[in-house]
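K.L.:
Give me coordinates for this.
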Amino acid sequence: MSEERCAWVSEEPIYIAYHDEEWGTPVFGDDRYLFEMLTLEGAQAGLSWITILKRRENYRRAFDNFEVDVIAAYSDEKVEALMQDEGIIRNRRKIESVIKNAKAFQQVQEEYGSFDQYIWGFVDRKPIVNQWKKHEDVPAQTDLSKQISKDLKKRGFSFVGPVICYSFMQATGMVNDHTTNCFLSGKK
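P.N.:
The predicted structure follows:
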């Protein structure tokens, strides 16, 4: 008998691995990973998460493994090359937002010492653990994700609306939204 998972997880092995090994797991001290997840969540806007997850390795390749300092220095020529890369979502606004966000990310790192210190400060470095009974109970955004979105936008970030911010919070374990029937509920 297989273990029960959150209702949003399909039978796709990549989805199961993401759910079981990453989603809802607190990520501390890894600014590169936090930038990767912020980028991927922004890329998802208007699309399904599985669409992005299947292209994740292409994104890592195309965006220099999400090395912020490298991305912040991308040229117009690099943007044009990315627009030709069939392995990623070729949306100019989304691609340009990655570069813009890398520059804003650097500023946050300079001000706070790390993006980790900044972002986890919104929850006092303690994950919010919810006890939702079913998938339909899980919100798409919260007052906190609205607050984070507003602050990120003020700092120059784009593609960081409240829904994207809440997805980012779930992805990086700032929020644990595994439903109570899921074998990972309350375990991370």
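K.L.:
and Trp108, what are its phi and psi?
P.N.:
Careful, residue 108 is Val and not Trp. Backbone geometry at Val108, expressed as degrees, to the nearest 10, gives phi -60, psi -40.
K.L.:
need the contact list for it.
P.N.:
By CB atoms under 8 Å, 6 or more residues apart in numbering, the residues touching Val108 are Phe115, Tyr118, Arg155. Backbone N, C-alpha and C define where each C-beta goes, glycine included.
K.L.:
how many neighbours does the first one have?
P.N.:
Look at Phe115: counted by other CB atoms under 10 Å, it has 22 neighbours.
K.L.:
Can you give me every residue that contacts it?
P.N.:
Asp31, Leu34, Phe35, Phe105, Val108, Gln109.
K.L.:
Where does the prediction get shaky in the chain?
P.N.:
Residue ranges of the chain with pLDDT under 70: 1-2, 188.
K.L.:
mind running it again at 90?
P.N.:
Counting by pLDDT under 90, the chain shows low-confidence ranges at 1-3, 46, 185-188.
K.L.:
Pick out the residue nearest the middle of it.
P.N.:
Met37 (3.0 Å; CA atoms, centre = their mean).
K.L.:
quick one: which helix or strand includes that one?
P.N.:
Secondary-structure element containing Met37, defined by DSSP states H and E: helix 31-44.
K.L.:
Packing partners of that helix?
P.N.:
For helix 31-44, the packing partners by 3 or more CB pairs under 8 Å, 6 or more residues apart in numbering; DSSP states H and E come out as helix 49-53, helix 56-62, helix 68-72, helix 92-112, helix 115-120, helix 162-171.
K.L.:
what's the nearest residue to Met37 once chain neighbours are set aside in contact with, if anything?
P.N.:
Excluding its sequence neighbours, the residue lying closest to Met37 (CB to CB, 6 or more residues apart in numbering) is Ala171, at 4.8 Å. Contacts of Ala171 were listed using CB under 8 Å, 6+ apart, and they are Glu22, Trp23, Met37, Leu40, Glu41.
K.L.:
could you measure Ala171 against Lys94, distance?
P.N.:
17 Å (CB to CB, to the nearest Å).
K.L.:
So what's the residue count around Glu67?
P.N.:
Each residue near Glu67 was counted by other CB under 10 Å, and the total is 13.
K.L.:
wait, what's in contact with the nearest residue to it once chain neighbours are set aside?
P.N.:
Once flanking residues are discounted, Glu67 sits nearest to Arg32: 6.8 Å by CB to CB, 6+ apart. The contact partners of Arg32, by CB under 8 Å, 6+ apart, come to Asn65, Phe66, Glu67, Val68.
K.L.:
Appreciated, that's everything.
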